[in-house]
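Colleague: Quick check, what structure comes out for this input:
(chains A and B)
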Number of protein chains: 2
Amino acid sequence: MCSKTDSPENIVDALKYNSDGLIPAIAQQHDSGEILMMAWMNKEAVAETLKTGRVCYYSRSRQQLWRKGESSGQQQELIDFRTDCDKDTVLVSVNQTGVACHTGRRSCFSWAARDGKIETVEEVIVSPDKLYKK
Amino acid sequence: MCSKTDSPENIVDALKYNSDGLIPAIAQQHDSGEILMMAWMNKEAVAETLKTGRVCYYSRSRQQLWRKGESSGQQQELIDFRTDCDKDTVLVSVNQTGVACHTGRRSCFSWAARDGKIETVEEVIVSPDKLYKK
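Modeller: Residues are numbered from 1 along each chain as shown, chains lettered A, B, ... in the order given. As a prediction, the model looks like this:
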């Protein structure tokens, strides 16, 4: 299990970021094994995730830190922080509050190849209107 | 379950590729839920994966199709092919023969944050010498 660390510099610097300073991060629900989403982190997001124990990404569209669940309440508590043999991808084991996907589905990976087409195979659990209250 | 499809064009074209024509692909062992690796696919690799039922990536270093297991024998049989809400990431559920990682570990994600450092937390199952015979 990954305890919060006040000095994540060694880990932040050991990872390999792409030419935009980003590294892909896969989020997996720690007990069910379900893949929830894939997003991106920059060095600051990795450091904040390790310091706070809550997963923080970098939003490429908004060009700022994306503290998962900050507006929707659907947070990800960090359980374990892993990387791969090339140190260029992150796998965070998390405890997901509610749903990971902005469509209101538990996982973003809710579309599957069926009969030569891509079809939705998972149900909406929470109405998106309730996730992002006006 | 994903059956092989002779006409994967609709699926290939529905996905969103980056400026290099690539899409990240996460491989998950279908029964255990273990994340095995993350690599990249181009349109041709997606089409071949769907046509053959064996996972094919695109090697960025070698700049060619990478039929997983072609030289090592450690193939990935396709069980299910999913994508996310943005259609810009692929999740392949697979049946992995042997080990996914070139280091001889079952999963590439065998390094974890421990005490402010990154440490190996999984054992080598197959000697890399045996994976890539001279």
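Colleague: Now chain A against chain B: closest residue?
Modeller: A:Gly33 (2.4 Å; Cβ to the nearest Cβ). Where you see a C-beta, it was placed from the backbone N, CA and C, and this is true even at glycine.
Colleague: Low-confidence stretches in chain A?
Modeller: Low-confidence segments of chain A, defined by pLDDT under 70: A:1-3, A:6, A:133-134.
Colleague: What ranges does it have for its helices?
Modeller: A:9-14, A:43-52, A:128-131 (DSSP state H).
Colleague: most tightly surrounded among these?
Modeller: Between the helices of chain A, helix A:43-52 has the highest mean count of neighbours, a mean of 20, where neighbours are mean count of other Cβ atoms under 10 Å in any protein chain shown.
Colleague: list the helices and strands that helix packs on?
Modeller: Packing partners of helix A:43-52 (3 or more Cβ pairs under 8 Å, 6 or more residues apart in numbering or on different chains; DSSP states H and E): helix A:9-14, strand A:56-59, strand A:64-67, strand A:76-83.
Colleague: sorry, back to before: so which of the helices of chain A comes closest to A:Leu91?
Modeller: helix A:43-52 (12.1 Å; Cβ to Cβ).
Colleague: Next, the angle strand A:76-83 makes with that closest one.
Modeller: If you take axes from the mean of the first three to the mean of the last three Cα atoms, to 10 degrees, helix A:43-52 sits at 120 degrees to strand A:76-83.
Colleague: ok now helix A:43-52, how far from the chain's centre?
Modeller: 12 Å (Cα atoms, centre = their mean, to the nearest Å).
Colleague: Just the residues contacting it, thanks.
Modeller: Residues outside helix A:43-52 that contact it (Cβ atoms under 8 Å, 6 or more residues apart in numbering or on different chains): A:2, A:4-6, A:8-9, A:11-12, A:15, A:17, A:21, A:23, A:41, A:55-58, A:65-67, A:78, A:81, A:90, A:92, B:113.
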